[in-house]
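Undergrad: turn this into a structure:
(2 chains)
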Amino acid sequence: AQKVTQAQTEISVVEKEDVTLDCVYETRDTTYYLFWYKQPPSGELVFLIRRNSFDEQNEISGRYSWNFQKSTSSFNFTITASQVVDSAVYFCALARARDDKIIFGKGTRLHILP
Amino acid sequence: GAVVSQHPSRVICKSGTSVKIECRSLDFQATTMFWYRQFPKQSLMLMATSNEGSKATYEQGVEKDKFLINHASLTLSTLTVTSAHPEDSSFYICSASEDTQYFGPGTRLTVL
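TA: Numbers count the residues shown, from 1 in each chain, chains lettered A, B, ... in the order given. Next up, the predicted model:
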């Protein structure tokens, strides 16, 4: 069975601080895809990143970075120098294929305080 | 990137009525679309997989007679909530697949 665990329900940090959102996944598949989505108050899902199981390279995109470690089944997300606009719910997710159904974690609600 | 639209974005209805939600892939053809439901402050849960030209596949615990899914063309899937009740009030999000999944903006359903 596939499962995604986001242990942090809610996090509050002061603006400009760095923050890491944790994600641990479970799957028996050798090939799989991991995702991070942002959901602002409007509700629309914003795609942030997709990573396949064969690519363990960490990725950086501006203030965002991701740390994928198969050995610990983790795919953590770090926001550097956080901004108020980063306030949202962030979901980590898992799928067997790029176009297959997605299993979402419960999400982490991030508050960036001015 | 590919665009998926949903209509309506927001709907309020009376208990006992039926509501139809449309999901369209605007610039690509999607043989598979997915319907998710999100209750307030909760995660997205897959309801069903909609396949063009065949019956939808429902997740365990989702009533197929209550949530009717029709995927009549490669660009349109509809979800009809029949005899809606207040507990059906939720945020419904569809996604369409073309090499990867693209999510619609969601439909907020409120049943009075």
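Undergrad: make it CA atoms for all contacts and neighbour counts henceforth
TA: Will do.
Undergrad: from chain A, how far out is residue B:66?
TA: 21 Å (Cα to the nearest Cα, to the nearest Å).
Undergrad: equivalent analysis for residue B:7, please.
TA: 14 Å.
Undergrad: double-check that residue against residue B:22; I have them as touching.
TA: Yes: at 5.1 Å, residue B:7 counts as touching residue B:22 under the criterion of Cα atoms under 8 Å.
Undergrad: who has more neighbours, those two?
TA: With neighbours defined as other Cα atoms under 10 Å in any protein chain shown, residue B:7 and residue B:22 compare such that residue B:22 has more, 19 against 16.
Undergrad: now the more buried one: which helix or strand?
TA: Assigned by DSSP states H and E, residue B:22 belongs to strand B:19-25.
Undergrad: let me know how buried residue 36 is, in neighbour terms.
TA: Unless you meant another one, I'm taking chain A. 24.
Undergrad: wrong one, I was asking about chain B
TA: 20.
Undergrad: for it, which non-adjacent residue is closest in space?
TA: Sequence neighbours aside, residue B:46 is the residue nearest to residue B:36 in space, at 4.3 Å (criterion: Cα to Cα, 6 or more residues apart in numbering or on different chains).
Undergrad: quick one, what contacts that neighbour?
TA: A:101, A:102, A:103, B:34, B:35, B:36, B:37, B:59 (Cα atoms under 8 Å, 6 or more residues apart in numbering or on different chains).
Undergrad: save these as TSV, and put in secondary structure and pLDDT too.
TA: Shown next, in TSV, are the contacts of residue B:46 (DSSP: H, G, I helix; E, B strand; the rest coil; pLDDT from 0 to 100):
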residue	secondary structure	pLDDT
A:101	coil	91
A:102	coil	95
A:103	strand	96
B:34	strand	96
B:35	strand	97
B:36	strand	97
B:37	strand	97
B:59	coil	95
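Undergrad: may I see the PyMOL selection of the buried members of those residues?
TA: In PyMOL, a selection of the buried entries from the contacts of residue B:46 looks like this (16 or more other Cα atoms under 10 Å in any protein chain shown):
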select buried, (chain A and resi 101+102+103) or (chain B and resi 34+35+36+37)
